[in-house]
Structure formats: C-alpha cells, structure tokens
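# Okay, structure incoming, though there's no sequence with it:
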C-alpha cells in the first residue's frame, strides 16, 4: 500500500506540464476534435407575430409580441480539443 501522506504533499510542476502539452499538440498528426455540446430545453422570450382579425380578413394587422416559449439551446461543455486516448 503506498504512503498516502507522501502522495498528498507532492506538487504539480505546471510549467513542465504546459510545455509537455504544447509539445504534444505540435507533434500530433490528428486534427482537433470539435466541441462537445449538450442540448437543454430552456424557457426564453421569443418574438412571435400575431394577426388581428379584420372584416373578412380585410384590414388585418400583424404585430410582433414577445412570448415565453421552451426552446432547445446548445451549451458548449468542452471547446475544440485533441483526443489523446480513444478506447472504442
């Protein structure tokens, strides 16, 4: 069993890790993958055109009003990135 106290006192060398990530990004032959998104249904105020009735359709007017409706919105979870390990 490893010594957990010794594990928890280790420090990450961020500069070395950043240099390694930049080198891997330069040397990779794969293009970056697109962003990972998820969709969520949210309520938003959207513009809707309403028609007012006229005499047999004559003189009818249209006006734009805001109505609260449920719309699907794409939320970006992870931006453009390189997949380093794909196991499927």
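Great, that's in hand. As the structure is a prediction and not an experimental result, all values here were calculated from the model.

# Let me know the outermost residue of the chain.
Distance from the C-alpha centroid of the chain, by Cα atoms, centre = their mean, peaks at residue 55 (49.0 Å).

# Please list the residues outside the longest helix along the chain that contact it.
Scanning the chain for the longest helix, with DSSP state H as the assignment, gives helix 14-27. Residues outside helix 14-27 that contact it (Cβ atoms under 8 Å, 6 or more residues apart in numbering): 82, 84. Just so you know, the C-beta spots here come from the backbone N, C-alpha and C atoms, and that holds for glycine as well.

# all strands for this protein, in order.
Here the chain has its strands, by DSSP state E, at 36-52, 61-78.

# other SSEs contacting the longest one?
The one in question is strand 61-78. Under the contact definition 3 or more Cβ pairs under 8 Å, 6 or more residues apart in numbering; DSSP states H and E, strand 61-78 sits against strand 36-52.

# What's opposite the residue nearest the centre of the chain in the beta bridge?
Central residue of the chain (Cα atoms, centre = their mean): residue 76, 0.5 Å from the mean position. For residue 76, the beta-bridge partners are residue 37 (DSSP bridges).

# wait, it sits on residue 37?
Yes - between residue 76 and residue 37 a contact is recorded at 5.2 Å, counting by Cβ atoms under 8 Å.

# tally of neighbours for residue 37?
Number of residues near residue 37 (other Cβ atoms under 10 Å) recorded here: 13.

# what's it in contact with, if anything?
74-77.

# Which one of the residues you listed is nearest to residue 51?
Residue 51 has its nearest neighbour among the contacts of residue 37 in residue 74, at 31.4 Å by Cβ to Cβ.

# For residue 77, see how far away the spatially closest residue to the closest one that is not a sequence neighbour is.
Excluding its sequence neighbours, the residue lying closest to residue 74 (Cβ to Cβ, 6 or more residues apart in numbering) is residue 37, at 4.8 Å. With distances taken as Cβ to Cβ, to the nearest Å, residue 37 is found 6 Å from residue 77.

# just residue 25 next, same as before
From residue 25 to residue 77 the distance is 20 Å (Cβ to Cβ).
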